[in-house]
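Q: Give me the fold of what follows.
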Amino acid sequence: MSSVDLKRFQLEPETPFVHPRVASALAALTGDERRYAHFLSKASWVGGLVVLYQTSWESPGIFLLLHKFFHHSDLLDRPVDKESEEMAFLMYAAGFFGNMGNYKAFGDTKIVPALPQAAFERILRTSPVFGSELGPLWDRVKDRVYDLSPGAQQLGLGNHKGTTTYFSSNCEEADSEVAQRFMLHVGLPLENTRLMKEAGGGGYTVLLASAHEGEEGAPDHCKLGVHDFEGHKFTVKRGDYCKLLYRVNTYLLEAIKYAANDNQREMLKNYVDSFRTGSLDKHKEGSRHWIRDKGPVVESYIGFIETYRDPVGNRAEFEGFVAVVDKAMSEKFSSLVSSAETLLQFLPWERHLEKDTFLKPDFTSLDMLTFGGSGCPAGINIPNYDDIRQNEGFKNVSLGNVINAPVSKSENITFLSEADKQLFKEYKGKSFEVQVGLHELLGHGSGKLIYETNSPAPDLLTSPLDGRPLSSWYLEGQTYDSQFGPMGSSYEECRAECVGLFLCGNPIVLSIFGFAGEEAERVEYVNWLLMVRAGLLALEFYDPEKRKWGQAHMQARYAILQVLVEAGDGLVTVEPSADDILITLDYHKIKTTGIDAIGSFLQKLQVYKATADVKAAQQMYDRYTTPDEKFANMRSIVLAKKQPRQIKIFGNTFINKDGEVELETYEESAQGAIRAMTRRFEGDPGLWEDMRVLWEREDKYFT
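A: Below is the predicted model of the structure:
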């Protein structure tokens, strides 16, 4: 324990807190639109609590401990010295709430308090309910709160590699593999499940997320009951997160009353059925209606969505968002969609590796009102169901008030020359908006998967890499996630980021976003500069001892940096000194050496993904994402100069005595982040007890 760098796991005192602005957009809505947004927000917030149970065994208990403490404390209402233990306590609570658990949403490393355990307890004991309520909770979680043993430092699966609650603590990778074969065999999706290995050779229990428990009324495709498979007993049972999903449905049913059209009503009805029964098919049907709901004023999506934090990349974290459309910016994205089929022709792969028909999606710029989950992204491309994306379509959203959230005045732009720093400050927002648009629409939205049922047959198609007939493809029942596993999320983010880089200098793209001449050149340059710098900053998220990456997007950006460095010709240089690093990017070589390097890499990324050539993909991706000695030695400088990541504070909506929806916002501080969370669940007195019951019934799998 003495060799552990505690600061790596503690939130920096200068962590910036930011409130994404949305009040004016909300005020422009009609009364029914605001009520629709309000009830969807309530569903998203309470659904976001599921993430606690998906992160670590202790997270629900810590949430209850902190939530109850602040409910009965005046600590938020009195001055607190910046250097005091009370401020360290507040920072821990704000970080925990901001990440929805005691592991960072971006990086998956543990968060521990920056004050001694005795001091933490001393503050808890100031509460009038310590003896009756807080004390028993603290006794259960206090050791886990401070545990930095090797297996507790990050999320992961098995053999002390990390912590996860997608699997019971006695599961190893072999258990995951046999469970995946079983679920493919019976046709049960993995996204809304967890795997628990029973003690004493009792087989496995697959927990299916649903408000209803028991088998009565369950759809046949939920496969409830006992199954024998490869000599193992599998029991599929419903009711995971039941008391939280019941509340989600209560709010969704209220939202239906204010839906603007039939697609919204059918979407929500199917979501309710999905969360009630555990049927992922119902969620897919709801997603189809969501895709058809073109240009809504209030946009939302909710469910088990992203697989980033499952150690094997199959099970999905719950999230829900609610946002209001920014009509002016959305017009630019609509123009990008209209040009998509033209722009796709510039990508470096043949027509048979692209979708037969590009299904033009809805693409809007949104001001985020609510994000219930572990970490709010800058852009979203969903749904993630391969069959729907390939054959029916998808939606893209760019989160304008997240992308353009105010930058902390204390932010230090590291590793760039003074001239590049000035360009970076001036054009970062503009460049990032272009990158997000291309990343979501033509990155995640491009390419196809080749299945054995493909017409023409896959073995009649040739690979652009060597001109030979294809020798691999997807079989029935296989998906990208099931085949690419833990590598899949980062690999796909890398592909989408490369599409953004490859196309960001295209005159059609730049004109759509209103850039021309010298400004267009600077937008392109800063976008490449952003990517190169992000690739270096990514070293923070690499664990050299475990040889493991903790964040999918940053691993992707590191790979891109290595591709550009490898290209040579003076395109990108990364040169360390005693205590600093200087990145240089030659703008004049972007359109030659840079485009050639990214184009070649992007072609391989697409071919391997399209043809399910996991072996070739893994070999290539490992080569570009394993730091060599030079970059491994730079990691200490990157860590010494790392900047704290923003914590976003979203407001809460309430219905006043006149039946109107009001938005309550909070100060941009640790106190504001905590107050937002404590206010969020007022009026639900049974929530604490229901969360405790859900938490304690998991004890046998994690303690």
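Q: Could you give the separation of the helix or strand harbouring Gln606 from the chain centroid?
A: Under the criterion DSSP states H and E, the helix or strand holding Gln606 is helix 595-610. Centroid displacement of helix 595-610 relative to its chain, using Cα atoms, centre = their mean, to the nearest Å, is 24 Å.
Q: Stretch 552-571 too?
A: In terms of Cα atoms, centre = their mean, the gap separating the centre of stretch 552-571 from the centre of its chain is 22 Å.
Q: what's the spacing between Asp684 and His67?
A: Note on Asp684: its distance to His67, by Cβ to Cβ, to the nearest Å, is 11 Å. From N, CA and C alone the C-beta is placed, and that goes for glycine too.
Q: More neighbours: those two, which one.
A: It is His67, of Asp684 and His67, that has more neighbours when counted by other Cβ atoms under 10 Å, with 19 against 12.
Q: thinking that one is in contact with Trp688, fair?
A: Yes - using Cβ atoms under 8 Å, His67 is in contact with Trp688, at 7.3 Å.
Q: immediately after the helix holding Gln606, which helix or strand?
A: Going down the chain from helix 595-610, the next helix or strand is helix 614-625, by DSSP H and E.
Q: Is Tyr92 within a helix or a strand, and which one?
A: Applying DSSP H and E as the criterion places Tyr92 in helix 85-99.
Q: in this structure, which ranges drop under the pLDDT threshold?
A: Low-confidence regions of the chain, defined by pLDDT under 70, span residues 1-2, 406-410.
Q: one more time with 80, if that's ok
A: Applying pLDDT under 80 to the chain flags the ranges 1-3, 159-160, 328, 404-411, 455.
Q: For the helix ranked longest in it, enumerate the helices and strands it packs against.
A: Once the chain is assigned using DSSP state H, the helix that runs over the most residues is helix 480-503. Using 3 or more Cβ pairs under 8 Å, 6 or more residues apart in numbering; DSSP states H and E as the contact definition, the elements that helix 480-503 packs against are helix 418-438, helix 517-537, helix 552-567, helix 595-610, helix 614-625.
Q: list the helices and strands whatever helix or strand comes next after that helix packs on?
A: Following the chain from helix 480-503 toward its C-terminal end, the next helix or strand by DSSP H and E is helix 507-512. When contacts are defined as 3+ Cβ pairs under 8 Å, 6+ apart, helix 507-512 packs onto helix 327-338, helix 340-344, helix 418-438, helix 517-537.
Q: After the shortest one, which helix or strand is next? Please name it.
A: Next helix or strand after helix 340-344 toward the C-terminus (DSSP H and E): strand 362-372.
Q: Can you list the strands that the next helix or strand along the chain from that next one pairs with?
A: Moving toward the C-terminus from strand 362-372, the next helix or strand (DSSP H and E) is strand 379-382. Here strand 379-382 is paired, per DSSP bridges, with strand 395-399 (antiparallel).
Q: residues touching Tyr621, list them.
A: With contact set as Cβ atoms under 8 Å, 6 or more residues apart in numbering, Tyr621 has these partners: 487, 490-491, 494, 559.
Q: now do 10 Å
A: With Cβ atoms under 10 Å, 6 or more residues apart in numbering as the criterion, the residues that contact Tyr621 are 484, 487, 490-491, 494, 555-556, 559, 604-605, 608.
Q: Over to Thr414?
A: Thr414 makes contacts with 421, 533, 536-537, 580-581, 583, 637-638, 640-643, as judged by Cβ under 10 Å, 6+ apart.
Q: same deal with Ala174?
A: Counting by Cβ under 10 Å, 6+ apart, Ala174 touches Gly158.
Q: so which helix or strand takes in it?
A: In this assignment (DSSP H and E), Ala174 forms part of helix 173-186.
Q: quick one: that helix to helix 480-503, angle?
A: Orientation check (axes from the mean of the first three to the mean of the last three Cα atoms, to 10 degrees): helix 173-186 against helix 480-503 gives 100 degrees.
Q: send the alpha carbons of the helix or strand following helix 173-186 over as CSV?
A: Elements were assigned by DSSP H and E; along the chain past helix 173-186, the next helix or strand is strand 193-197. Written as CSV, here are the backbone C-alpha positions of strand 193-197 (Å, rounded to 0.1, in the frame of the first residue of the first chain):
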residue,chain,number,x,y,z
THR,A,193,-27.9,-8.8,-17.9
ARG,A,194,-25.3,-9.6,-15.2
LEU,A,195,-23.7,-13.0,-14.5
MET,A,196,-23.4,-14.4,-11.0
LYS,A,197,-21.5,-17.6,-10.2
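Q: which other helices and strands contact strand 193-197?
A: Helices and strands touching strand 193-197, by 3 or more Cβ pairs under 10 Å, 6 or more residues apart in numbering; DSSP states H and E, are helix 173-186, strand 204-209, strand 232-240, helix 699-702.
Q: which one of those lies closest to Ser279?
A: Across these, the minimum distance to Ser279, taken as Cβ to Cβ, is reached by strand 204-209, at 9.1 Å.
Q: rewinding a little: report the buried residues of the helix holding Ala174.
A: By neighbour count with 16 or more other Cβ atoms under 10 Å, helix 173-186 contains the buried residues 175-176, 178-180, 182-184.
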